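Chemist: Build the 3D model from these lines:
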Amino acid sequence: MPKGYLCLVLHAHLPFVRHPEYDFYLEEQWLFEAISETYIPLIWMFKRLEREKVDFRLTMSMTPPLVSMLMDPHLQDKYLKRLDQLIELCHKEVERTRWQPEFQRLAIMYLNRFCDAKDTFLEYGKNIVQAFKEYQDKGYLEIITCSATHGFFPLMETTRPSVRAQVAVAVDFHSKVFGRAPRGIWLAECGYHPGHDEILREFGIRFFFVESHGILHGTPRPKYGVYAPVYTRSGVAVFGRDMESSKQVWSAVEGYPGDYWYRDFYRDIGYDLEFDYIKPYIQPNGLRMHTGIKYYRITGKTDHKEVYDPDRALQKAAEHAGNFMFNREKQVEYLASIMDRKPIIVAPYDAELFGHWWFEGPLWLEFLFKKIHYDQKTIKTITPSEYLNEYPRNQVVTPSFSSWGWKGYCEVWLNGSNDWIYKHLHKASERMTELVKVYGGSTDPRVQRALKQALRELLLAQSSDWAFIMHTGTHVEYAVKRTKEHLLNFNKLYEEIKQGNVDEDFLSSLEEKNNIFPEINPLVHV
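Modeler: Below is the predicted model:
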């Protein structure tokens, strides 16, 4: 029997980006890169572990926007087109590097990866969500939901109907896609405000996660710190992040991903090679972009980079997995000696760290699962639901307001770069509640369609991604554009519904473009 448990959590999320009006749209590449570099490699990992009979447990929060995009035929076809482009480029790279064996070896590696990605994508009928559902149904994965469009709840406290709608829509969508109601939820940015757990309980959520200080600053003080869940007064369980295990992985400075033998993310042939050669594979306007084909390793802190060596990187991933496991063993041995129950170490990460930012991440994760299975008996991987089944009695604590953002509260999503959005979001939320109360019972089908689309536009405007992007300074123009567009769309629908004059052409265009949550129920916004 193990002395304690490790709960690995991957937060899988991207903002809803869908532009059928364009053949190419830069921000859609976020999804395509994530499929090739993170989600399909994770599926490969699941298959290998299952084939080798490795018993593992992984928790994944697959957000409604990401799942919606992965299931969208328009985006699926665009991704397939991009894959074919990259396969063509790899063939050219194999030829171009024929007199450079150290580079040709890598070109062949990328060619095989893209071809294998295409095979896997087609194996699931272009809908890789089915792969994750398959491993959920086999018991390896616990898939949980997230707020409907990744809305940051602490800054929505003044308009609670929107918090309720974000949860209600997410739970309904998740239940339809994955064939079961979600037992847990990932609060966007780990953003918790006391009292919101009552809304989670209303929709059957059993547990959620908070940043370490969310529990450690709770009232009363938690007896076991973050190494056992607590219950809120509403009866929903809360798991706290373990900073020690998390930092070892996500920190590019102190963690494993910064090792000099790992692949360098930023050196990409989309920027390195001659313009005329690479032009067909970058943006149609000629601006350079990442292709995912990268030939160099991190090497050091200077601009000088050495050629990437996959074998040495593989060796490093195995070493780092062993080091991580050893540290967790020692951590659990100590905790078990002072606790009257088996401790649980909760280690959550952004899913795209594995494969996209840290190329070797999925291999590291696979090594870790294998080593835990074969090489020790101190720890075992577990899901939150399994732990709660084993330890159903827990201390009652009111967690503190918190997030996992910089400085631990709201500063990332509320500052001089993005504070202007909230008066508009709050007003739109109030207007949505007004529409539901006055027109929710209307028998006019156009009014009902307009109400549904109004809620879609409001939810999309509430995505925390837009405020985050405004703060970080990347793609700011796009984030501002999306926020304003959704608010303007909402306000136009609001006025048309009140005036009894819904523009069907405008409504249809929005339904076609912003088609998330086809079965949305506007009556939840109360």
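
Chemist: just the strands in the stretch 1-150 of the chain please.
Modeler: Assigned by DSSP state E, counting those that start in this stretch, the strands in the stretch 1-150 of the chain fall at 4-12, 58-62, 141-146.

Chemist: What helices and strands are in contact with the shortest one?
Modeler: Other elements packing on strand 58-62 under the criterion 3 or more Cβ pairs under 8 Å, 6 or more residues apart in numbering; DSSP states H and E are strand 4-12, helix 129-137, strand 141-146, strand 184-186. Quick note: C-beta positions are derived from backbone N, CA and C, even for glycine.

Chemist: Including distance to residue 401, mean pLDDT and mean neighbour count, could the ones you listed go into a markdown table?
Modeler: Putting the helices and strands packed on strand 58-62 into a markdown table (distance: least, Cβ to Cβ, whole Å; pLDDT from 0 to 100; neighbours: other Cβ atoms under 10 Å) gives the following:
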| stretch | distance to residue 401 | mean pLDDT | mean neighbour count |
| --- | --- | --- | --- |
| strand 4-12 | 20 | 98 | 24 |
| helix 129-137 | 32 | 98 | 18 |
| strand 141-146 | 19 | 98 | 26 |
| strand 184-186 | 17 | 98 | 25 |
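
Chemist: Can you lay out these as TSV showing distance to residue 327?
Modeler: Output for the helices and strands packed on strand 58-62, formatted as TSV (distance: least, Cβ to Cβ, whole Å):
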stretch	distance to residue 327
strand 4-12	11
helix 129-137	27
strand 141-146	24
strand 184-186	25
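
Chemist: closest one to residue 446 among those?
Modeler: strand 141-146 (30.8 Å; Cβ to Cβ).

Chemist: Now do the buried residues in the very next helix or strand once past the closest one.
Modeler: Counting by DSSP states H and E, the element after strand 141-146 in chain order, helix or strand, is helix 160-178. For helix 160-178, burial by neighbour count (16 or more other Cβ atoms under 10 Å) applies to 160-174, 177-178.

Chemist: what sits against residue 73?
Modeler: Residue 73 makes contact with residue 126, according to Cβ atoms under 8 Å, 6 or more residues apart in numbering.

Chemist: So which residue of this protein lies furthest out from the middle?
Modeler: Within the chain, the residue lying farthest from the chain centre (Cα atoms, centre = their mean) is residue 99, at 40.8 Å.

Chemist: before we move on, the earlier item: out of the helices and strands packed on strand 58-62, nearest to residue 456?
Modeler: strand 141-146 (16.7 Å).

Chemist: Does anything pack onto that closest one? Which helices or strands?
Modeler: Judged by 3+ Cβ pairs under 8 Å, 6+ apart, strand 141-146 is in contact with strand 58-62, helix 129-137, helix 160-178, strand 184-186, helix 384-390.

Chemist: Secondary structure class of the closest residue to residue 4 other than its chain neighbours, three-state.
Modeler: Using Cβ to Cβ, 6 or more residues apart in numbering and skipping residues adjacent in sequence, the residue nearest residue 4 is residue 332, 3.5 Å away. What DSSP: H, G, I helix; E, B strand; the rest coil gives for residue 332 is helix.

Chemist: Let me see the contact set for the closest residue to residue 525 other than its chain neighbours.
Modeler: Excluding the flanking residues, the one nearest residue 525 by Cβ to Cβ, 6+ apart is residue 165, at 4.2 Å. Counting by Cβ under 8 Å, 6+ apart, residue 165 makes contact with 148, 432, 455, 459, 524-525.

Chemist: And residue 217, by the same measure?
Modeler: Neighbouring residues of residue 217 by Cβ under 8 Å, 6+ apart: 399-400, 402.

Chemist: Also residue 473?
Modeler: Residues in contact with residue 473, defined by Cβ under 8 Å, 6+ apart, are residue 417.

Chemist: List phi and psi for it.
Modeler: Backbone torsions for residue 473, taken as degrees, to the nearest 10, come to phi 90, psi 10.

Chemist: Then residue 240?
Modeler: phi -100, psi 150.

Chemist: you'd agree it is up against residue 346?
Modeler: Yes. Using Cβ atoms under 8 Å, residue 240 is in contact with residue 346, at 6.5 Å.

Chemist: Name the helix or strand of the chain that has the lowest mean pLDDT.
Modeler: helix 243-250 (a mean of 87; mean pLDDT, DSSP states H and E).

Chemist: Tell me what angle that one forms with strand 4-12.
Modeler: Helix 243-250 and strand 4-12 are oriented at 50 degrees to each other (axes from the mean of the first three to the mean of the last three Cα atoms, to 10 degrees).

Chemist: helices and strands around helix 243-250, which ones?
Modeler: Contacts defined by 3+ Cβ pairs under 8 Å, 6+ apart place helix 243-250 against helix 310-338, strand 344-350.

Chemist: quick one: which of these is nearest residue 26?
Modeler: Short answer: strand 344-350, nearest of these by Cβ to Cβ, at 20.7 Å.

Chemist: Please identify the buried residues of stretch 425-441?
Modeler: Going by 16+ other Cβ under 10 Å, stretch 425-441 has these buried residues: 425, 428-429, 431-433, 435-436, 439-440.

Chemist: And for stretch 323-335?
Modeler: 324-325, 328-329, 331-332, 335.

Chemist: got it, and stretch 183-197?
Modeler: 183-194, 196-197.

Chemist: In the stretch 351-500 of the chain, mark out all the helices, start to finish.
Modeler: For the stretch 351-500 of the chain, the helices defined by DSSP state H, counting those that start in this stretch cover 361-374, 384-390, 421-439, 445-461, 464-472, 476-499.

Chemist: could these go into TSV alongside mean pLDDT?
Modeler: Formatted as TSV, the helices of the stretch 351-500 of the chain follow (pLDDT from 0 to 100):
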stretch	mean pLDDT
helix 361-374	98
helix 384-390	98
helix 421-439	98
helix 445-461	98
helix 464-472	97
helix 476-499	98
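
Chemist: could I get these as TSV with distance to residue 65?
Modeler: Formatted as TSV, those follow (distance: least, Cβ to Cβ, whole Å):
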stretch	distance to residue 65
helix 361-374	22
helix 384-390	22
helix 421-439	17
helix 445-461	9
helix 464-472	9
helix 476-499	12
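
Chemist: tell me, how many neighbours does the nearest residue to residue 364 once chain neighbours are set aside end up with?
Modeler: Of all residues not flanking residue 364 in the chain, residue 317 sits nearest, at 4.4 Å (Cβ to Cβ, 6+ apart). For residue 317, the tally of surrounding residues (other Cβ atoms under 10 Å) stands at 25.
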